[in-house]
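> Return a 3D structure for these sequence lines:
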Amino acid sequence: MNQWQHWTNEVIPSLIAPYLTYLRKSTSLPRWSCYFQVLDITCILFNHIEILRIECCTCAPAPLQLLSRGYFACAPIAPSLAVDLQLLELVKTLFVHTTPNTTAWCETLEVFLAGRGYHLTTKDNLHRRFGNAYHWYSVLFMSADDHLSNVIGTHRPLPLPSTEGLTHPSDYLRSRCPICFGLDDWRKSRTLNLKPDVHTCIDACFTQKRSSDQCSGGPDPPNPVRSVFLLDDEVTSMEVHVRSCRGRPLDRGRKRKQPAATEEEGDDYEDGMRVPTSVLDGCSDSFLAADEKREKASTQFFADTGVMAMLCRHDRVLWLANMTSAGEKQHYALALIQKLFDNLPTDMTVGLLYDIGCQLHRSCLKYRLLDGAVLRRITFAISVFHAYGHQWACQIIYHPRKCEGFGLSDGEGCECLWSALKHLIAPLRISGFHQRLFVLNTQVRHLDEKNLSLYGNWLIRRWNNCIKKKSTATQALRELSVDEICVRQEWQSQVEYQTKPLPRRSKTNNDEEISKILSLEKSLIEIDGALRRMEMQLCMGNVDNLTDYNLRLIEERAHRSRVTDTLSRWKTRLGISQRTRLEQLRRNIYLQVRLDTQALKTRIHERLRQHKFEIEKLERSYRQAVNKRKLNPHVDAAIQRRNPTIRKLVSTYNNLCADLSALIRQHRSPPNAIPPNPISPTSIFDLDIDADIWEDIGLDDVVLEPPDWLADEVTRAAIRLLLEIDRCNEEESHVKVERCALQEWAMREWDGLQRACAHANHVSDDGDDWESDIGCGDEELMDVLEDIALADQYRGQEEHDIEGDYVIHESLIDSPTKHVRFNL
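Model prediction:
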């Protein structure tokens with residue numbers, strides 16, 4: 001512990017300036033060959049070992065002398081081993097691309113050096129000393145990087161202070177993502193009708209956990225580096241707040257609607273929600289049912305159970321929250337949201353993508369978990385990756401492709417983050433608390449640096465994809481020859497109809513009660529068939545994992561028992577006339593086929609949701625960085641083995657749709673009956689937002705005069721195309737604003753860097769020219785930044801294409817990579 005305090009309080013702060021001076025004077029990290037007496041230090045290099053003798057004292061400590069020679073010490077006072085800076089830099093770079101394993105690295109290095117005749121004097125001691133040197137070198141590197149950022153920040157032009165609180169996003173947010181939060185006058189982007197102003201996504205990962213059984217046994221004090229993790233006090237404070245809100249009695253005199261409808265009551269909207277209670281309950285149930293096999297972390301064996309992340313639209317981490325509960329509690333997401341709004345101006349709006357965004361929105365309104373001023377500035381949506389777990393009525397409101405303002409944002413940035421961190425799962429499982437946070441922070445810094453260099457490519461890719469999608473959709477819409485105003489009216493009518501509450505249930509509504517019984521009987525037949533098939537596979541021994549298979553069989557039997565009990569209760573409530581009506585409807589062929597089709601489609605929904613959740617786990621294990629959308633053959637085979645009946649169910653469903661169509665043609669159906677759309681067997685597993693699997697056309701009660709959005713295929717296609725064009729238009733506006741933000745940030749950083757260099761030259765005692773050093777070391781960077789700075793020349797030109805308060809040169813319209821600035 002004393003050594004840790006020496007590193008933290010004395011050595012690392014004293015090494016920052018010499019380390020920066022060393023880097024400034026030498027870009028190749030050379031070694032100096034000065035030898036002194038007193039300490040014999042073993043120096044580890046790439047291909048050999050040297051013994052260095054130095055004399056150290058309080059005014060010239062060993063770490064400082066070693067650093068001046070290109071080595072880093074393993075101890076703060078009397079080190080016995082030092083490592084070449086170039087070797088440490090290689091290891092640091094290696095450990096952000098592969099699993100950080102110092103034990104294997106040291107064993108490999110020791111064998112490698114022994115093969116060349118170099119042996120250490122002490123056996124089995126390289127791992128501890130090398131690991132210590134590597135850790136504190138990483139701390140020094142991060143501290144020096146933060147120090148440089150602070151120095152440049154003091155010379156960077158700052159926005160004018162205001163007495164009304166934040167007028168711009170905080171410096172922290174501007175450093176996390178300059179494209180999202182870096183505009184000098186971000187309010188001008190509202191001239192393009194961009195709402196919300198920024199997009200964020202939230203998700204949790206339960207694979208990044210830490211065992212409660214500490215195997216290392218050594219000290220684990222905090223590291224003196226900047227962290228993206230929320231403080232424990234911030235998370236705990238939100239947890240206490242949520243508990244108090246959920247236990248708070250309702251205000252007197254204010255009547256709050258009940259969260260769920262009973263059998264005898266009607267469905268309704270909850271306060272502030274646009275989706276009925278029955279739909280929200282269905283979304284909650286579907287996630288609990290389909291996601292029950294996902295691995296959760298037990299607090300009995302794990303001290304830290306996972307990580308929850310908040311990312312911006314450009315996949316940059318804003319904050320992380322360390323999770324210590326067994327489940328995905330809402331207070332973690334709320335703590336991240338509150339932290340975000342604490343760093344935003346009071347009038348900036350946020351679009352929040354979350355896999356259960358509808359449930360979070362519901363809880364915030366129901367229990368008032370967030371301040372009203374904050375909640376009004378949030379537009380909730382569900383991430384595209386998890387949309388398949390939601391009811392269709394919920395997707396109409398919360399899907400980002402249906403919700404205004406989200407452009408082509410999909411909320412999948414967190415999935416990319418978990419994929420980038422997957423190589424840390426094993427080593428962090430047995431690490432200390434602070435060491436785990438330090439390694440994750442190091443990885444996030446690496447991803448930030450990598451992401452920063454790809455901003456331009458990101459803008460080009462998004463722009464080209466947007467233009468391509470918009471051009472295709474516009475051409476297809478033009479070929480349909482429809483009135484855009486009428487199409488938008490039909491879409492509004494569809495939203496209003498498909499999101500309205502269910503009709504009131506009453507004892508006199510015989511047909512509805514009877515239809516429910518008939519549908520439940522068909523579902524029970526399907527469950528019995530599935531049980532027989534599972535039992536037959538078990539008897540034949542055609543099972544991969546006997547324990548998991550038995551658990552699934554027990555769950556399926558329990559499900560059948562619940563369905564049987566419900567069916568029995570419903571039949572008991574029927575009167576004599578209803579039972580007579582039930583027997584009559586049993587002989588109605590059309591109704592029988594329609595109920596069969598409804599039950600089968602419900603079964604397909606459940607199977608597909610389970611299928612997608614299983615794919616998600618396997619994709620995270622085997623996903624390739626080149627193309628995330630393509631699974632390896634062995635993964636695809638595993639999925640097919642887990643879901644052998646889905647394609648058969650789809651085929652049976654399509655046959656029933658054909659039967660319904662035949663009955664309609666034979667006039668054996670009610671008037672104005674509409675045949676349901678068959679499901680494509682080739683795209684069934686994609687679960688696209690516009691797939692036929694979501695629509696229940698022809699399976700609901702017959703409408704006397706079906707509207708165009710329900711019965712007219714041209715209108716239905718036009719609605720999909722028009723919504724896609726709307727999202728592409730929003731994406732174009734977002735990319736234009738992001739292009740301006742990137743340019744302004746680059747010029748602002750360049751100005752701050754030049755002023756910092758000028759100030760350093762002025763106060764420097766040795767007269768070194770930092771600017772010339774930088775120019776000689778990286779002329780290409782200077783050329784790029786100077787080229788960006790030339791954007792000011794566009795201010796004085798006469799020929800411009802004006803869009804609102806933006807001034808865009810006509811030669812720059814087709815590409816987001818050219819320089820565009822606000823008309824200031």
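> CA atoms for contacts and neighbours, from now on please.
Will do.
> Low-confidence ranges, the stretch 1-150 of the chain, go.
1, 24-37, 122-124 (pLDDT under 70).
> again, 50 this time
With pLDDT under 50 as the threshold, the stretch 1-150 of the chain has low-confidence stretches at 28-35.
> Could I get the average pLDDT for the lengthiest helix in the chain?
Of all the elements of type helix in the chain, the one with the most residues (DSSP state H) is helix 713-763. Over the span of helix 713-763, the pLDDT mean works out to 89.
> name the helices or strands packed onto that helix?
With contacts defined as 3 or more Cα pairs under 8 Å, 6 or more residues apart in numbering; DSSP states H and E, helix 713-763 has these neighbours: helix 126-154, helix 178-181, helix 455-480, helix 484-498, helix 708-711, helix 770-777, helix 779-789, strand 821-822.
> Adding distance to Ser523 and mean neighbour count as columns, could you present the ones you listed in JSON lines?
Supplementary listing: the helices and strands packed on helix 713-763 in JSON lines, determined by distance: least, Cα to Cα, whole Å; neighbours: other Cα atoms under 10 Å:
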{"stretch": "helix 126-154", "distance to Ser523": "60", "mean neighbour count": "18"}
{"stretch": "helix 178-181", "distance to Ser523": "49", "mean neighbour count": "23"}
{"stretch": "helix 455-480", "distance to Ser523": "40", "mean neighbour count": "16"}
{"stretch": "helix 484-498", "distance to Ser523": "24", "mean neighbour count": "15"}
{"stretch": "helix 708-711", "distance to Ser523": "26", "mean neighbour count": "17"}
{"stretch": "helix 770-777", "distance to Ser523": "72", "mean neighbour count": "15"}
{"stretch": "helix 779-789", "distance to Ser523": "65", "mean neighbour count": "14"}
{"stretch": "strand 821-822", "distance to Ser523": "61", "mean neighbour count": "20"}
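> on that earlier part again, what angle sits between the longest helix of the chain and helix 484-498?
Helix 713-763 and helix 484-498 are oriented at 100 degrees to each other (axes from the mean of the first three to the mean of the last three Cα atoms, to 10 degrees).
> Can you tell me the centre-most residue of the chain?
Nearest residue to the geometric centre of the chain (Cα atoms, centre = their mean): Cys414, 2.2 Å.
> In contact with Thr474, which residues?
Under the criterion of Cα atoms under 8 Å, 6 or more residues apart in numbering, the contact partners of Thr474 comprise Leu721, Ile725.
> Tell me the confidence at it?
As summarised for this prediction, Thr474 has a pLDDT of 95.
> mind checking how far it is from Leu408?
Between Thr474 and Leu408 the distance is 16 Å, computed by Cα to Cα, to the nearest Å.
> cool, Ile467 as well?
Taking Cα to Cα as the criterion, Ile467 is separated from Leu408 by 12 Å.
> Pro224 is nearest to which of the helices and strands packed on helix 713-763?
Of all the helices and strands packed on helix 713-763, the one in closest proximity to Pro224, counting by Cα to Cα, is helix 126-154 (7.4 Å).
> Show me where the stretch 201-350 of the chain has its strands.
In the stretch 201-350 of the chain, strands defined by DSSP state E, counting those that start in this stretch lie at 210-211, 302-304, 306-312, 317-323, 350-354, listed in chain order.
> can you put those strands in CSV and add mean neighbour count?
What follows is the strands of the stretch 201-350 of the chain, written out as CSV (neighbours: other Cα atoms under 10 Å):
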stretch, mean neighbour count
strand 210-211, 23
strand 302-304, 21
strand 306-312, 23
strand 317-323, 22
strand 350-354, 26
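> can you tell which of those is closest to Ser175?
strand 317-323 (9.6 Å).
> Show me what that closest one is packed against.
helix 171-176, strand 306-312, helix 330-342.
> what about 7 Å?
Strand 317-323 is packed against strand 306-312, with contacts defined by 3 or more Cα pairs under 7 Å, 6 or more residues apart in numbering; DSSP states H and E.
> Tell me the strands beside the strand it packs on, with direction?
Strand 306-312 has its sheet partners listed here by DSSP bridges as strand 198-205 (antiparallel), strand 317-323 (antiparallel).
> want to try CSV for those, with mean pLDDT as columns?
Rendered in CSV, the data for the strands paired with strand 306-312 read as follows (pLDDT from 0 to 100):
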stretch, mean pLDDT
strand 198-205, 94
strand 317-323, 96
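> of these, which approaches Leu424 most closely?
When the strands paired with strand 306-312 are ranked by distance to Leu424, counting by Cα to Cα, first place goes to strand 198-205 at 12.6 Å.
> List the contacts of the closest one.
The set of residues external to strand 198-205 that reach it, using Cα atoms under 7 Å, 6 or more residues apart in numbering, is 180, 306-313, 349-354, 411, 414.
> can you pull out the helices in the stretch 151-300 of the chain?
Remark: helices assigned in the stretch 151-300 of the chain by DSSP state H, counting those that start in this stretch are 171-176, 178-181, 232-247, 277-290.
> What sits closest to Val96 if chain neighbours are left out?
For Val96, ignoring the flanking residues on the chain, the nearest one in space by Cα to Cα, 6 or more residues apart in numbering is Gln443 at 5.8 Å.
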